[in-house]
Structure formats: C-alpha cells, structure tokens
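Undergrad: here is my input, please return the structure:
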Amino acid sequence: MCGIAGFFGKEKIPTILQIKKTLNLMKVRGQDGISYIEKKFKKKKIIFLHSRLSIIDPSKKAAQPFIDDEGMIVFNGMIYNYIEIKKILETKKIFFRTNSDTEVLLKFLNYFGPGKINSLEGMWSFAYFNFKRKKIILSRDRFGEKPLYYYFNKSCLIFGSNLNYINSLYQNNFETNLKKVNDNLVFGWENFNSEKTFFKNILSLKPGNNFEIDLEFKKKKKKYWNFTSLKINKKSNYLIEKVRLKKIIFDNIKKKLRTDFPIACLLSGGVDSSIIASVSNIIKSKQIKCFSIKASEKNYDESVLIRKNIKKIGCKHSFIQIPKKNYLLELQNIIRKTSSVLPSITWLVFAVICERIKRLGFKVVLSGIGGDEMFAGYYIHHLQYLKSIKNKTNFKHNYNFWKKNTARYVRSEKLKNFQLYLKNDKKYPDSHLEQIEFKRYFKKNKKKKVKKYFNNSFKNELFKDIFYQTLPAQLYASDNISMFYGIEARSPFVSEQIFYESFKYPNHFLINKGVGKKILRDSMNGIVHKSILENTNKIGFFSSIKNFFNLNSSQFKKVLFSNSYINSLINREKVEEILKKKYLNNYENHLVFNILNHSIFLNCNKKN
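TA: The predicted structure is shown next:
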C-alpha cells in the first residue's frame, strides 16, 4: 500500500521544489519512506514518485520506485498471487533480489508485457515504463479498489493516487468541477465510479483499464477485463455449488492473509465480517484479532451475536467505543489531505476503528466489503428479486416468506412495502430510493439515465451495485480512510473468482424463502455461529450522525451552510428541520453528512 505520482513530458516539467512538495503530500498514503526517480528520453522527462507503506518485505531494497535493466515501476496495492507468479518466472530463469510483490510485478511486466495483466489477482494502480518498448502504462485493478487519477494533453501526462498530487506537480490550479459536486449530492452512491473527478480535466482511470502512452504522446486506452455476458447455470446442483463456494472462500481469504505484519479484522454481527473473521482465524490458528464498534443505540447493538461468534472462533477481540471529540476538525483534515469526500457516516465509524488499530500496531485490516453486492445482501435486493418473479407461480410463496423473515426488520417504509416499491420503480428504474427521499431537499431535481446491462433484472441490479453504485463508493472510501491512518484495507469478497461464481448461480441460490445470501450462509455451516447464519436482521457498522456532531451547535451549522454554491442547490429551511429532529432515519443521516462533506471540500479548494 502506497502513494504513487508521476510526470511524463517536455513542458512544465516539475521543479525540485514541486517534487518535494508533492512527496510531502504523499506521506498521507505511506509513512515508511518517500523517494523519486528521473529519466530522460528524447528530450522528454519521466519522473516517478512514491510514498511507501511497507506490508510485504519491509527491507530498504524493496523500496520504490523500483528499477531494473528493463523497466521501472511505481505501484500501489497488493498482488495476492505474487508467490505463484514468482514461481512461474523463476522457471524462466528470472532471478529476484527481494521478497516483495513489487519486484514480482515488475519482472512479470518485463517478461509478459501488459497483455497478460488479467493473470494478476489483486488490487492495484501502477505506472510502468519499459526501456525497450518506450511506453508508459498506467493500470488499475478490475473493481477499482485502488485509485488512479491522471491529466493528459499533447505535451505531458501527470498521474497520482490523490487528486492533490496532480495539482501539486502541475501547479495548474485546476478548476473545481461543480457539476460533479452537484451530481454527488443528488445521486450519492451512483456517482463514485465516474471518469470525471472533482477537478475539470483530471480524470479517473476506469477499473479494469490500461492507459498507454508512447514517447510521441500517442495514447491508447484498453480494457483488459470486461464482463459483458451473463450465463446462469440453471442446471447447477445446490449441494455441489455450496461445497465449491466454501473452498473458493477459503482459498481467497488465505491469499489475502499474506503479509509481514499483524492483521486486524472488522467484526459486526453480520454474515460477511463473521465469515472473514472465522475463516481467517481457522487459517491463522486464532492469530487474527477482531475489532467491533460498541453500539450506543439499542437498535444497532449486535454485541450478543458478536460475542457468540468470538466464543466459537476463540480469538482475541475488542470492542471500540466512539470517543467524544470534535469530529469536524477530524473530517476537515481527512478531506483536505485526501482530496476526497466520505460517502456516508459509516466511514467515520471506519475512521475511528482505523485510528485505534493503527495505535495498536496493526497495518492490515480485513473487512466484509463486497459481500452484500456479490450475494444479494441488501434489503432492496429482496424487492428486486420479488419483482423479477412477480409473474411466476412461485411469487406468492416467496413473497410470504419475505414478509415473515425479512420485512419485519426493515426500518424504511419504502423498503418494506413491495407495491410502493413497484410504483416508485417506474419513476426511478435504477431502484435508488434515495432520489425519492432527497428530492424535496433540493431546489432542482435531476434524473439519471439508467443503462440496462442484462435481461435478467435481478442480476442486472446486482451488476449495477458492483460496478456503478454501492461497491465503487465503498472501495473509494475504504482506500482513502485506511490510507489516511496508515492501514492497508483488504476486502476478501472483492474477487474476480467470487464474482464469476455468484453470477452464474440461479437467482434462487442467492435469495430463497426470504433469506438473502442463502448459498453463502449455507456454505459456512459449522464455520460461523449458527445464530448469525440464521439472522436476517441487517445492521452492520452503522452509527447515527449525532454520535459525531452536535447538529444544533452554531459551529456545526456554520460549517454545514458555509458554502454559497451548496446553499444555492439545497432547500436550507427543510435541511434545518432535519437538524432539529430527535431521531434521523438513514436517508436523513446520509443527506446531512453528504452536504457537510461537500461544503468542506469546496471550502478547502476555494482558490479553484
């Protein structure tokens, strides 16, 4: 885990002062060392910058930028199958001087070139230059776990892990993209996978893409991974697939436990984090320590389930309480140093955990991100499933099970009323209910065009969650927050293999008799405590915004309504009504926090 940045070009070449300033900014993504390298080809400069958070092979010889006789690289992320790739390369008489996955990646690219990138398992963003081919290759992992931003014109390329690295290297003071801010406020989750960023002319490299530039500035963008066809195996045997899934999960988690430092694991009372904690401690003989948030509200208290699973696992565990302090200062610091916003209040909870486990000496944390998207774990997935079978004979049977097993736990009236969902879905076919909730708080309402990817409507919605809605936002926040605290976040469920496996299942393997993640739950019988596998009440790492801020304080209101552009978009009186409420629902929590984040961001970038 690291920060990367770089320049390639012949005009506006960064000065030593700019490079040092940028390296100083990059410390937020890596406190274990900063360095850079310069090369010149045909009157064009190539500068690679790196800040290191050492996870694999912490020795100095594994530091970056990494260079050999054939190429050089700056790399952020983790190649989980680097041991297997290294063995293949060693059969080609390729020798290694470190134990790092960075050197394996460099030698892999030297030998195979970019055409074999699909062989990599991992999360990454990297810039690679080959001395013979004389091309710079930018690459980003399949799901976008690692960020990579770039600016390109006819005379230069600038890239970085954070937006402010590009501003620093180019000294251009890129203009703020107010349309992006507007869309983020209105569409929330759906806007984090966009190529467009908070600054005009700075783009985000799309997941699963390479971007190649030669010395003549000829560019080529190539998608190396593209899932376009959906083939559901209707003849699948449930029992066979259940056993197969168990093995796949164990294999994936085993690779994601590769590190030279202690590993922490987030644990709620939910299925996903419980699976990761349980399997990790089986593989590592109870050496993984688990951490949970101590709930301050009875409705969100999962401590009974957590304690049951910890007793079964037998590992060390701690509850973390949200300390009382000024989180306005903390949030402003995060936004300023990462040039990002937090998608929801959940990520302040995540920040509290990261800050605590970093102080305890951990550098890697595992989370259940991706499990809900891969295996249909959200309450809205049940409505989408029912919609997909509403004209079939098994609808009434499944509807009754849903009412009995799941709907009773749902807090939102719009998510527990199937007929209302169908009515609203005609207006908002992306099934994003926040648009319905939010519209009265904005002066103008916008509708987002919705693309249909598959005829199977249920799998279509899961696909959108994975690549266009909830998962991109979570990965964006997970990376920014964890790196801010010097932690590498790993998400075992975010896996190409798990994705292919879950998408080939018939829909009823995922939701059955009102139970979501059915095959995932059944595959973990005997591994995770029975009470968790049977529990259909979804809570997770949630906390009210009131646990972090005094919504009626003059200081909070001053920051919330501090930006004139944000104020021009919202109905301030209606937002102020929310602040006075004793209890805020999820949508209201999200709305207020969303406004707060974007106001802070714009104020941090007033010069733009």
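Undergrad: any idea which element the residue lying closest to K86 once chain neighbours are set aside lies in?
TA: Leaving aside its chain neighbours, K86 sits nearest to V104 (4.9 Å; criterion: C-beta to C-beta, 6 or more residues apart in numbering). The C-beta positions use only the backbone N, C-alpha and C, and glycine is treated the same way. Under DSSP states H and E, the secondary-structure element containing V104 is helix 101-112.
Undergrad: can you pull the buried residues of the helix or strand following that helix?
TA: Scanning the chain past helix 101-112 towards its C-terminal end, the next helix or strand to appear is strand 122-130 (assignment: DSSP H and E). Residues of strand 122-130 classed as buried under the neighbour-count rule (16 or more other C-beta atoms under 10 Å) are 122-130.
Undergrad: for stretch 564-583, same thing?
TA: Going by 16+ other C-beta under 10 Å, stretch 564-583 has these buried residues: 566-567, 569-570, 572, 575, 578-579.
Undergrad: contacting residues for the residue nearest the centre of the chain?
TA: The chain has L475 as the residue nearest its centroid, 0.4 Å off, counting by C-alpha atoms, centre = their mean. Contact analysis of L475 by C-beta atoms under 8 Å, 6 or more residues apart in numbering lists 143-145, 369, 491, 494.
Undergrad: could you give the angle of the host helix or strand of it to strand 122-130?
TA: Under the criterion DSSP H and E, the helix or strand holding L475 is helix 470-484. Direction vectors for helix 470-484 and strand 122-130, defined by axes from the mean of the first three to the mean of the last three C-alpha atoms, to 10 degrees, enclose an angle of 70 degrees.
Undergrad: follow-up on the earlier one: which residues touch the residue nearest to K86?
TA: When contacts are taken as C-beta under 8 Å, 6+ apart, V104 is in contact with 79, 82, 85-86, 89, 96.
Undergrad: hmm, try it at 6 Å
TA: Under the criterion of C-beta atoms under 6 Å, 6 or more residues apart in numbering, the contact list for V104 reads 82, 85-86.
Undergrad: for this structure, where's the lowest mean pLDDT among helices and strands?
TA: Averaged element by element with mean pLDDT, DSSP states H and E, the chain has its least confident helix or strand at helix 434-438 (a mean of 66).
Undergrad: separation between the spatially closest residue to K289 that is not a sequence neighbour and P262?
TA: Across the structure, with C-beta to C-beta, 6+ apart as the measure, the residue nearest K289 apart from its sequence neighbours is K316 (4.5 Å). Counting by C-beta to C-beta, to the nearest Å, the gap from K316 to P262 is 11 Å.
Undergrad: same check on K40?
TA: Counting by C-beta to C-beta, the gap from K40 to P262 is 43 Å.
Undergrad: now do S229
TA: Distance of S229 to P262, given as C-beta to C-beta: 42 Å.
Undergrad: one more: F75?
TA: From F75 to P262 the distance is 23 Å (C-beta to C-beta).
Undergrad: those two - which one has more neighbours?
TA: F75 (26 against 14; other C-beta atoms under 10 Å).
Undergrad: what's near enough to touch the more buried one?
TA: Each residue near F75 by C-beta under 6 Å, 6+ apart is listed here: 102, 105, 126.
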